[in-house]
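**Student:** fold the following and give me the result.
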Amino acid sequence: MTDSENPTTQSPSPAPRSVLVTGGSRGIGRAIAEAFLANGDHVAVTSRKGGAPEGALDLVCDITDPAAVEEAYAAAEAAHGPVEVLVANAGITKDTLVLRMSEEDFTSVIDTNLTASFRLAKRASKGMLRLRRGRIIFISSVVGLMGNPGQVNYAASKAGLVGMARSLARELGSRGITANVVAPGFVDTEMTAVLTEEQQKAITDRVPLGRYASPDEVASAVTWLADAGYVTGAVIPVDGGLGMGH
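**Tutor:** Predicted coordinates:
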């Protein structure tokens, strides 16, 4: 019997981690949650209306409400222990040209995409500091790096996640906590499915790989970062080359 055939010489499987994914009921967030579940991790998912993947702890939570976020963390910790991997994915858009953009259009996107991500990371860091390990992963966008007409609010919120992650990487790194960003380009989800064939062609013509990403391709970058102990402060593009050089 070779060493590879002898079960006593095989490395033990890694212990399941406590993972929290926001906005995990559909699209990219759901694919991320399913990837962690497939890996054997304990996954809690927040969304406004519920509908987590089978096997995940389903938490209804408005991430712009500090009390609701605290309740969600308490439930996740009671079920799975301190959160070891946070994936801040939930986000909204309110697209319009800047001269038509209201104060509410701007602040609501910032509150959901950026301020709530700060709130989530701050709460996660408490448990991670005690554990002396952790992974904080923000889902940004190529728009946050390149800009896009009609998305001043969205681009600002997604660019802010990069500065936040890099500051957290410097602040928390000595305790074994990493903070990184995944920046998807155009992804094949319900949001892009409503575009006309002409609009979709105009988008893919700009992408060197000539197609949308699948949600699973974004999820694979996230799970890789969750395993990467010596990567922090990084921005990982999953955009088919659209944002090259940014």
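
**Student:** what's the closest non-adjacent residue to R170?
**Tutor:** G233 (7.2 Å; CB to CB, 6 or more residues apart in numbering). Glycine gets a C-beta too; all of them are placed from N, C-alpha and C.

**Student:** secondary structure element holding the one you found?
**Tutor:** In this assignment (DSSP states H and E), G233 forms part of neither any helix nor any strand.

**Student:** for it, grab phi and psi.
**Tutor:** phi 70, psi 20 (degrees, to the nearest 10).

**Student:** give me the neighbour count for it.
**Tutor:** 16 (other CB atoms under 10 Å).

**Student:** you'd agree it is up against N180?
**Tutor:** Yes - assessed by CB atoms under 8 Å, G233 is found in contact with N180 at 7.0 Å.

**Student:** common neighbours of those two, please.
**Tutor:** A165, A169 (CB atoms under 8 Å, 6 or more residues apart in numbering).

**Student:** what does the helix or strand of the chain with the lowest mean pLDDT contact?
**Tutor:** Lowest on mean pLDDT, DSSP states H and E among the helices and strands of the chain sits helix 190-193, with a mean of 72. Helix 190-193 has contacts (CB under 8 Å, 6+ apart) with R26, G27, F186, Q200, I203, Y212.

**Student:** the fifth one contacts L195, correct?
**Tutor:** Same thing as I203. Yes - I203 is in contact with L195 according to CB under 8 Å; the separation is 7.5 Å.

**Student:** ok, those two, which is more surrounded?
**Tutor:** A count of neighbours by other CB under 10 Å puts I203 above the other of I203 and L195, at 16 against 13.

**Student:** between the two ends of stretch 26-46, how far is it?
**Tutor:** 11 Å (CA to CA, to the nearest Å).

**Student:** typed the wrong thing, it's stretch 47-60
**Tutor:** Termini of stretch 47-60 sit 5 Å apart (CA to CA).

**Student:** follow-up on the earlier one: rebuild the contacts of helix 190-193 as JSON lines, extending it with pLDDT and distance to E54.
**Tutor:** Shown next, in JSON lines, are the contacts of helix 190-193 (pLDDT from 0 to 100; distance: CB to CB, whole Å):
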{"residue": "R26", "pLDDT": "93", "distance to E54": "14"}
{"residue": "G27", "pLDDT": "94", "distance to E54": "17"}
{"residue": "F186", "pLDDT": "90", "distance to E54": "28"}
{"residue": "Q200", "pLDDT": "82", "distance to E54": "31"}
{"residue": "I203", "pLDDT": "85", "distance to E54": "32"}
{"residue": "Y212", "pLDDT": "91", "distance to E54": "26"}
